[in-house]
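**Q** 3D, please:
(2 chains)
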Amino acid sequence: GAGVSQSPSNKVTEKGKDVELRCDPISGHTALYWYRQSLGQGLEFLIYFQGNSAPDKSGLPSDRFSAERTGGSVSTLTIQRTQQEDSAVYLCASSPSPTSVGYNEQFFGPGTRLTVL
Amino acid sequence: QQQVKQSPQSLIVQKGGISIINCAYENTAFDYFPWYQQFPGKGPALLIAIRPDVSEKKEGRFTISFNKSAKQFSLHIMDSQPGDSATYFCAASRGSSNTGKLIFGQGTTLQVKP
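**A** Next comes the predicted model:
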């Protein structure tokens, strides 16, 4: 079946511009996560959705970052007034069930590589 | 605050050798420890995972060893193959939490030479 898809695969933008990154999770997966992978670093948690609500936004680095999820499916991560330090690969993952969500496998998309000039 | 520390940063192993990657965690509330494998241009994929009620879990050539008292766990890849060349991430989470967010180590780039 189809896995997690993300678009665009690459995004180059100028400092100060806004960007939107999209994630299409696996159909039926209720949990959705955004992570950021900076060069040479591990993955950094950004936000968690269960359905359309975001009970954990603790990883968002600043108020320039926001995310939403609609219809319990597609999610968009928006970065306003991008800065060079925002350059990274943004990864989305989905997971099948809220039951024992902490033990469920997370299925990752290929990521969006964001470059801020 | 780095809650999961991973070493080494990079590793070169000959084909057929054993690859060992180590991780240490700080938060004793963590109770789920997965390892993810990532190939260039791809997202990470779950390789193997362990809960602290066992000290070892083996799946094929991959084994996790877990030491709860030392707050350490490691991945052993037996009979390493060139196809195992990838970046490996350890992670930890509170399985009992209502989010399941993973705290990742910094990653280890493994190169298996033929």
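**Q** lowest confidence element among the helices and strands of chain A?
**A** Taking mean pLDDT, DSSP states H and E as the measure, chain A has strand A:53-56 as its least confident helix or strand, at a mean of 89.
**Q** what comes up buried for that one?
**A** A:Ala54, A:Asp56 (16 or more other Cβ atoms under 10 Å in any protein chain shown). C-beta coordinates here come from the backbone N, C-alpha and C atoms, glycine included.
**Q** now check that strand, is it near chain B?
**A** Yes - using Cβ under 8 Å from any Cβ of the partner chain, we find that strand A:53-56 touches chain B at A:Pro55, A:Asp56.
**Q** And the helix or strand just after that strand, what's buried?
**A** Per DSSP states H and E, strand A:53-56 leads on to strand A:65-69 as the next helix or strand towards the C-terminus. For strand A:65-69, burial by neighbour count (16+ other Cβ under 10 Å) applies to A:Phe65, A:Ala67, A:Arg69.
**Q** Tabulate these (JSON lines), appending distance to A:Val12 and pLDDT.
**A** What follows is the buried residues of strand A:65-69, written out as JSON lines (distance: Cβ to Cβ, whole Å; pLDDT from 0 to 100):
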{"residue": "A:Phe65", "distance to A:Val12": "19", "pLDDT": "97"}
{"residue": "A:Ala67", "distance to A:Val12": "21", "pLDDT": "97"}
{"residue": "A:Arg69", "distance to A:Val12": "26", "pLDDT": "95"}
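**Q** Next, the contact list for residue 59, please.
**A** Here I'm looking at chain A. Listed by Cβ atoms under 8 Å, 6 or more residues apart in numbering or on different chains, the contact set of A:Gly59 reads A:Glu44, A:Phe45, A:Leu46, A:Ile47, B:Lys101.
**Q** that's the other chain; I wanted chain B
**A** With Cβ under 8 Å, 6+ apart, B:Glu59 has these contacts: B:Ile48.
**Q** Any chance you could note which residues of chain B sit beside chain A?
**A** Going by Cβ under 8 Å from any Cβ, the residues of chain B near chain A are B:4, B:6, B:31-32, B:34, B:36, B:41-46, B:49, B:51, B:89, B:91, B:93-107.
**Q** Mind giving me the PyMOL command for buried ones among those?
**A** To isolate the buried subset of those in PyMOL, counting by 16+ other Cβ under 10 Å, use the following:
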select buried, chain B and resi 4+6+31+32+34+36+43+44+49+89+91+93+94+95+97+99+100+101+102+103+104+105+106+107
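**Q** from the residues of chain B next to chain A, which ones fall inside strands?
**A** B:Val4, B:Gln6, B:Pro34, B:Tyr36, B:Ala45, B:Leu46, B:Ala49, B:Phe89, B:Ala91, B:Ile103, B:Phe104 (DSSP state E).
**Q** surely B:Leu47 meets B:Gln38?
**A** No - counting by Cβ atoms under 8 Å, B:Leu47 does not reach B:Gln38; the two are 9.7 Å apart.
**Q** between those two, what contacts are shared?
**A** Both B:Leu47 and B:Gln38 are contacted by B:Tyr88, under the criterion Cβ under 8 Å, 6+ apart.
**Q** Can you pull out the low-pLDDT segments for chain A?
**A** Chain A contains residues with pLDDT under 70 at A:1, A:98-102.
**Q** Run through the neighbouring helices and strands of the host helix or strand of B:Cys23.
**A** Using DSSP H and E, B:Cys23 sits in strand B:19-25. Using 3 or more Cβ pairs under 8 Å, 6 or more residues apart in numbering or on different chains; DSSP states H and E as the contact test, the elements touching strand B:19-25 are strand B:4-7, strand B:10-14, strand B:72-77, strand B:86-92, strand B:108-113.
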